[in-house]
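Peer 1: Got a predicted model here, sequence first, then my questions.
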Amino acid sequence: MLGHHGPIAPRWTTRLGPVARREGGAFLELLGLTTLAITQPLLDVYSNGAEVFLTQRASGLVVVLFALTVALVPALVLEALGAASGLLGPAVRRAVHLVSLGLLGGAVAIQAAKEATDLGRWGLLAILAVAAVGVVALLARFPSVRSWIRLLSVASVAFVALFLLSGPIQPLLAGDEGGESATAGNPVPVVVLLLDELPTSSLLDGTGHIDRDLFPNFAALADDATWYRNNTTVATETNEAVPAILTGRYPEPESLPTTEAYPDNLFTALDDRYDVSATELVTRLCPSSVCDARRSSASSTRTVRRLLDSASDIWRERVSPSRSETSPFALQGLPYDPNPPGRVRTFLEGLEGGGGPSLDLLHVLFPHQPFHFLPSGRRYEAPEPPDGSYIGIWSDDVAAENGRIRHELQLEQTDHQVGLVIDRLKELGTYDETLLVVTADHGAGFEQGHAIRTLDEATAPSLLWAPLLLKPPGQTEGRIDDTHTRSIDLVPTIADVLDLDLPYDVDGRSVLDTEGLEPVELRALEAAGGLAQPTEGRFRTFDVDGGFRQVLRARAAAGTGGDPALRLFRTGRFGDLIGQPVAPMRGPAVDRVTADLETPSRVRAGPDDRVVPAWVAASLPEGEEGDVAVALGGRVAAVRPLRPEVGRSRFWAMMPETMLTEDEQQVELFLVEGDPAAPRLRPIPLDGAG
């Protein structure tokens, strides 16, 4: 038997050897080109936007798994596809392999062309086609080209290593040992609600006070707390502003906001008597030794899947011949939370009454863009970035005003969440004894010709002034303090309340005794967008007193009187038409144009609907001018000017949620003519509906 079977094994080895070598060579070729087409571009994006790993609460292991998956899986999938095609014969197997390599070559070329040229869709498609055909021809004709491509597979290992060793990624893989702690002489419970992208000016009624109709819970807290109305941030980017708030120090430029960069912070300063719970979405300052016991951890598998889903979206955008912008929240790790109200609910469930001293902190990305929430908490679908926001810049006053309205609507829902926190503390019986802080990391700008987050003279009052409301234990009467305070003052102030000697030096100061405190000059480097109080280089200064006076004049709602729910929408020449019946103003129909409605022509909002049609848009022929009114149920729901766009005139607007009913309503469009005191509404025929 041994003699019989002995020769068989070598024959099988002889047959399998070339097949294995061919398959191994094919895989290396695929790996070589996926390295250039997929691995390097994606890892570069995620290295530059490493904050996405913090927002996704990705562990070091998840980061490594993500990098290895990006580097290996695309080639493995293509190899499996090729191997399966081999069942149809060697010729099919070879053709599928060459096509895969050709498409990868085309993907490399189109990405390079989009970076280096201004070619349009057809030019980019031509580049892709030529490159794909060229790669196939070279591979079919010159075997040596295959050898070079196989050598490229080694680069995949190099790119993964460079990614993991890069400055932005290294802190995610390193340990998170914090600094020293100290003992509090007055260990009262502390609750901190840290909101995001909220200007103080967005809360005000034009007299320097909180608009009670729109924001009743902020106003109620101000009735019990000290409102530091002249509070400014020291940074206008979240990954710098939040560490500044939680350390009391100016931020470290270009540092990932982790414990490694900020070992001394509010969490580490408290001794082990404090039960610390921190929900951090853009930072990771609370070390695992302090926060892991109560930190909600995400499934590693689910986190990797979410990261890979976003990577797929990014890669498709990179190889698409279209130059339209992908939502900025899908790229570069910009802060984004799809469900801030859910984040607050989870936080409230973790609050407990009694027991030992505790610190509960929630950083929630609310009312931070994207703007999709209505005051009730229901959502609506609308473009993101908002219409009229090009490269983050508000193109004109109409675009800026529309963006501001969407922001204010989301802020109304944020106000509701603030109310839930207050109600929960009262329900637990801990409201009176708790040091409650509600603040925000920075503001946002809605100025024509300026970006929402670019700091300059026009946007400084909206970007720099952010609310700070602080209710120490036992305070029951509201107080306004207009002494200039800064975000880095929060940690020293908390330490003052707790009678805690901070074990590290801070740049801020306690605001409990503001007598004698002088305004601190606000400085920003000319080459940078935010503040860090630079002492070297060319920097700009901002007028604290002048900026504060401008903040106090701000109004959340442009309209006055009547239904508070409609005041936000009453802007522009014909703003007072909102909520008015159409019938008395109806004129003859417009016969020269028709409108192309981009949103549903019939709308309803049932009581159980979580997404409602509150945004409306339509296009008219190019060159049309004037204001367009939208009516629901015979009442005006929106009025907005037509804006010129390429090949058309267009308008877009938000409609009041209170005007969306359970009964289906027809959307009507009207051209507004005449004087605001005696307007005429001329029906515009609809050419189509979205």
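Peer 2: In hand now; what should we look at? Model, not experiment: these values are computed from the prediction. Numbers count the residues shown, from 1 in each chain.
Peer 1: what number of residues lie near T268?
Peer 2: Number of residues near T268 (other C-beta atoms under 10 Å) recorded here: 26. Just so you know, the C-beta spots here come from the backbone N, C-alpha and C atoms, and that holds for glycine as well.
Peer 1: Was I right to think it contacts P287?
Peer 2: Yes: contact criterion C-beta atoms under 8 Å: T268 and P287 qualify, at 6.5 Å.
Peer 1: Can you check which residues contact both of those two?
Peer 2: Counting by C-beta atoms under 8 Å, 6 or more residues apart in numbering, the shared contacts of T268 and P287 are G178, T259.
Peer 1: so where's the longest strand in this protein?
Peer 2: In the chain, with assignment by DSSP state E, the single longest strand is strand 665-675.
Peer 1: List the buried residues for it?
Peer 2: Q665, V667, E668, L669, F670, L671, V672 (16 or more other C-beta atoms under 10 Å).
Peer 1: Which of those sits closest to A400?
Peer 2: Ranked by distance to A400 (C-beta to C-beta), the buried residues of strand 665-675 are led by V672 at 20.7 Å.
Peer 1: circling back: after the longest strand of the chain, next one along is what?
Peer 2: For strand 665-675, the following helix or strand on the C-terminal side (DSSP states H and E) is strand 678-683.
Peer 1: Can you list the helices and strands that that following strand packs against?
Peer 2: strand 665-675 (3 or more C-beta pairs under 8 Å, 6 or more residues apart in numbering; DSSP states H and E).
Peer 1: Pull the strand it packs on out as PDB, backbone CA atoms only.
Peer 2: Output of strand 665-675 as PDB, limited to C-alpha atoms (Å, rounded to 0.1, in the frame of the first residue of the first chain):
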ATOM      1  CA  GLN A 665     -52.600  69.300   3.300                       C
ATOM      2  CA  GLN A 666     -51.900  70.600  -0.200                       C
ATOM      3  CA  VAL A 667     -48.800  72.700  -0.600                       C
ATOM      4  CA  GLU A 668     -49.500  75.900  -2.500                       C
ATOM      5  CA  LEU A 669     -47.000  78.400  -3.900                       C
ATOM      6  CA  PHE A 670     -47.600  82.100  -4.500                       C
ATOM      7  CA  LEU A 671     -45.600  84.900  -5.900                       C
ATOM      8  CA  VAL A 672     -45.800  87.800  -3.400                       C
ATOM      9  CA  GLU A 673     -46.400  91.200  -5.000                       C
ATOM     10  CA  GLY A 674     -47.100  94.700  -3.700                       C
ATOM     11  CA  ASP A 675     -46.300  96.500  -0.500                       C
END
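Peer 1: and the angle for it with strand 678-683?
Peer 2: Orientation of strand 665-675 against strand 678-683 (axes from the mean of the first three to the mean of the last three C-alpha atoms, to 10 degrees) gives an angle of 140 degrees.
Peer 1: How about the secondary structure of G445?
Peer 2: What DSSP: H, G, I helix; E, B strand; the rest coil gives for G445 is coil.
Peer 1: ok, how many other residues are close to it?
Peer 2: 25.
Peer 1: Can you get me a residue count around the closest residue in space to it that isn't next to it in sequence?
Peer 2: Using C-beta to C-beta, 6 or more residues apart in numbering and skipping residues adjacent in sequence, the residue nearest G445 is T459, 3.4 Å away. Per other C-beta under 10 Å, the neighbour tally for T459 reads 22.
Peer 1: residues touching K471, list them.
Peer 2: L221, D224, A225, T226, T434, L435, L436, V437.
Peer 1: buried set for stretch 71-84?
Peer 2: Under the neighbour-count criterion of 16+ other C-beta under 10 Å, stretch 71-84 has A71, L72, P74, A75, L78, E79, G82 buried.
Peer 1: Other residues contacting stretch 261-268?
Peer 2: Counting by C-beta under 8 Å, 6+ apart, residues outside stretch 261-268 touching it are 171, 177-181, 243, 246-249, 252, 255, 259, 276, 278, 285-287, 290-291, 359, 361, 491, 494, 503-504.
Peer 1: how much space between the residue sitting nearest the centre point of the chain and L76?
Peer 2: Nearest to the mean C-alpha position of the chain, counting by C-alpha atoms, centre = their mean, stands Y336 at 3.2 Å. Distance, Y336 to L76, by C-beta to C-beta, to the nearest Å: 30 Å.
Peer 1: ok, for V145, nearest residue in space, not its chain neighbours?
Peer 2: For V145, the spatially nearest residue (C-beta to C-beta, 6+ apart) is L138, at 4.8 Å.
Peer 1: where's that neighbour, which helix or strand?
Peer 2: helix 121-141.
Peer 1: what residues does that helix touch?
Peer 2: By C-beta under 8 Å, 6+ apart, helix 121-141 touches 29, 33, 98-99, 101-110, 113-114, 117, 119, 145-146, 149, 319, 321-323.
Peer 1: 7 Å instead, please
Peer 2: For helix 121-141, contacts defined as C-beta atoms under 7 Å, 6 or more residues apart in numbering pick out 98, 101-103, 105-106, 109-110, 113-114, 119, 145-146, 321-322.
Peer 1: And for stretch 549-565?
Peer 2: Stretch 549-565 is contacted from outside by 200-206, 208, 211, 213-214, 408, 461, 465, 566-568, 570-571, 575, 579, 656, 658, using C-beta under 7 Å, 6+ apart.
Peer 1: Now, the residues you listed that are in helices?
Peer 2: E408, P461, L566, R567 (DSSP state H).
Peer 1: list the contacts for the second one?
Peer 2: With contacts defined as C-beta under 7 Å, 6+ apart, P461 is in contact with S201, G547, Q550, V551.
Peer 1: hmm, try it at 8 Å
Peer 2: So P461 contacts P199, S201, G547, F548, Q550, V551, A554 (C-beta under 8 Å, 6+ apart).
Peer 1: Which of these sits closest to I393?
Peer 2: Nearest to I393 among the contacts of P461, with distances taken as C-beta to C-beta, is P199, at 17.5 Å.
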